[in-house]
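> What follows is a predicted structure for the sequence shown.
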Amino acid sequence: MPNEGLRTTGLTVRYGGLVANSEVDLHVEPGEIVGLIGPNGAGKTTFVDAVTGFTQAEGRVELAGQRIDALAPHLRRRRGLTRTWQSGELFGNLTVAQNIEVAASPGGFRAVLRDLFGRRRGSLREVVGRALRTVGLDGIEDTVTRDLSLGRQKLVGVARALAGTCEVVLLDEPAAGLDSQESGEFADRVREIARGGLGVLLIDHDMSLVLGVCDRVYVMEFGKIIFTGTPAEARTDPDVIAAYLGVPMESTHA
């Protein structure tokens, strides 16, 4: 298989005697949208925390063929592994551009303030523009974030993750709170991101979104992967139905 994208091998997370993730093998290739689904408490966010370095784990994490599991979170980010968060991570009183610049600048918020009128301002604005164009929101750089709809705020969060170097982006419940129209528009943006060559790992409880947009799906239960396959296979797999879906799902045509 190509030695690119994101790959985990035997990823295990323990909290004392509790095994939150057990021997998780998962891969996301460039340009591929991969879903990770499962019931609440299955260990999905723990997995994302482990992959991005926010919780201690055993096993291997590789990005573009290089091991990164010994690196701190900010160094994994610089290598191109990015994520969004379930909770709103945006600064509501800042503009869209300022929110993205905080993520794009190596020095974080203080560096953005230092560079507000400096020479790096122009290059940061270019990064902001590219990130916003990727998610279909070009032209809103100077809008205060709290004035945006929830759907647009979610996309700004994705743009923040994409700013700068990005090889694979992990989207942790990005469609939470969106209505069906906003979810459909979000799916279109995810497809555009993947078409640009980035790998996408999508975690969400919106099954119409996940099964409609993903190329492959992993299903997690009690910290273990119990299924890997296409969305069409997941819809009717007995183990997936028993663990999560409840009933077979109709095929979704985007």
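Structure's in. What do you need? Numbering: from 1, shown residues only.

> quick one, helices of the stretch 101-250 of the chain?
Using DSSP state H, counting those that start in this stretch, the helices of the stretch 101-250 of the chain run over 108-114, 120-134, 150-162, 180-195, 207-213, 231-236, 238-240.

> buried set for the fourth one?
By neighbour count with 16 or more other Cβ atoms under 10 Å, helix 180-195 contains the buried residues 182, 183, 184, 185, 186, 187, 189, 190, 193, 194. Just so you know, the C-beta spots here come from the backbone N, C-alpha and C atoms, and that holds for glycine as well.

> Ok, stretch 86-97 next?
Those would be 90, 94, 95, 96, 97, for stretch 86-97 by 16+ other Cβ under 10 Å.

> The first one is in what secondary structure piece?
What that stands for is residue 90. Counting by DSSP states H and E, there is no helix or strand that carries residue 90.

> quick one, what contacts it?
Residues near residue 90 by Cβ atoms under 8 Å, 6 or more residues apart in numbering: 99, 145, 153, 156, 157, 160.

> What count of nearby residues applies to the last one?
Other residues within reach of residue 160 by the criterion other Cβ atoms under 10 Å amount to 24.

> and it, what does it touch?
84, 89, 90, 99, 100, 102, 103, 131.

> ok, now residue 128?
96, 97, 100, 101, 104, 141, 159, 163.

> If you rank those residues by neighbours, which is first?
residue 100 (31 neighbours).

> Looking at it now. What's its pLDDT?
Per-residue pLDDT puts residue 100 at 90.

> Check the separation of the first and last residues in stretch 29-40.
Stretch 29-40 has an end-to-end distance of 26 Å (Cα to Cα, to the nearest Å).

> In the chain, what residue spans correspond to strands?
For the chain, the strands defined by DSSP state E occupy 6-15, 18-28, 33-37, 58-63, 66-67, 81-83, 168-172, 199-203, 216-221, 224-229.

> Name the nearest of the contacts of residue 160 relative to residue 241.
Using Cβ to Cβ, residue 84 comes nearest to residue 241 of these, at 28.5 Å.

> which ones are touching that closest one?
Here residue 84 is in contact with 157, 158, 160, 161, 169, 170, 171, 172, 174 (Cβ under 8 Å, 6+ apart).

> The nearest residue to the fourth one once chain neighbours are set aside: what's it in contact with?
It refers to residue 161. Excluding the flanking residues, the one nearest residue 161 by Cβ to Cβ, 6 or more residues apart in numbering is residue 82, at 4.2 Å. Contact partners of residue 82, counting by Cβ under 8 Å, 6+ apart, are 161, 162, 166, 168, 169, 170.
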